[in-house]
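Enquirer: here is a sequence with its predicted model. Questions after.
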Amino acid sequence: MAYTEQNFAVFKGEGRRIRITVKDENDKPLDLTDFTDIKWRLAKSFKDPLPLVDKTLDGLDGDIVIEDGPGGVVIVRIRPEDIPTKVGAYLHEMRITEDEDSISTVMTGVMTVKESLFGSDVAPAVP
């Protein structure tokens, strides 16, 4: 089941942990225990050929973690250096893969980057 309009705001230089409970078509938590592919992307628009941020479950940095497999709970870690330096709206989307025939978008929305008095105290990884 895809959750749309999962919108949130961040200030420049902030980091976030987004906690998502993935649910099935009956609105029950989806058991993610055996899932090996979960992705989260951030882009300026659908027309951009490459995402600004691309996180995967198998990443060595632990930016996507299955917190509770049977309960369907996933944590996406957005680091301060992942936050774009330009104020504005960015699209985000999460996709899970159970097997080659079962690929599902489970969350979409807008991440709004706001100005901060602290600016960007970290070196940004994205423009």
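Expert: Looks like it came in fine. Numbers count the residues shown, from 1 in each chain.
Enquirer: what bridges to the spatially most central residue of the chain?
Expert: Computing the C-alpha centroid of the chain and ranking residues by CA atoms, centre = their mean puts residue 40 first, at 3.9 Å. Counting by DSSP bridges, residue 40 is bridged to residue 55, residue 94.
Enquirer: distance check, the closest residue to residue 62 other than its chain neighbours against residue 28.
Expert: Nearest in space to residue 62, with sequence neighbours left out and distances taken as CB to CB, 6 or more residues apart in numbering, is residue 77 at 6.9 Å. In this view, the C-beta of every residue, glycine as well, is placed from N, C-alpha and C. The gap separating residue 77 from residue 28 is 26 Å, by CB to CB, to the nearest Å.
Enquirer: who has more neighbours, these two?
Expert: residue 77 (17 against 10; other CB atoms under 10 Å).
Enquirer: beta-bridge partners for that one, please?
Expert: Beta-bridge partners of residue 77, as defined by DSSP bridges: residue 17.
Enquirer: okay, it: pLDDT?
Expert: We have a pLDDT of 95 for residue 77.
Enquirer: is it in contact with residue 17, as I believe?
Expert: Yes - counting by CB atoms under 8 Å, residue 17 is a contact partner of residue 77 at 5.5 Å.
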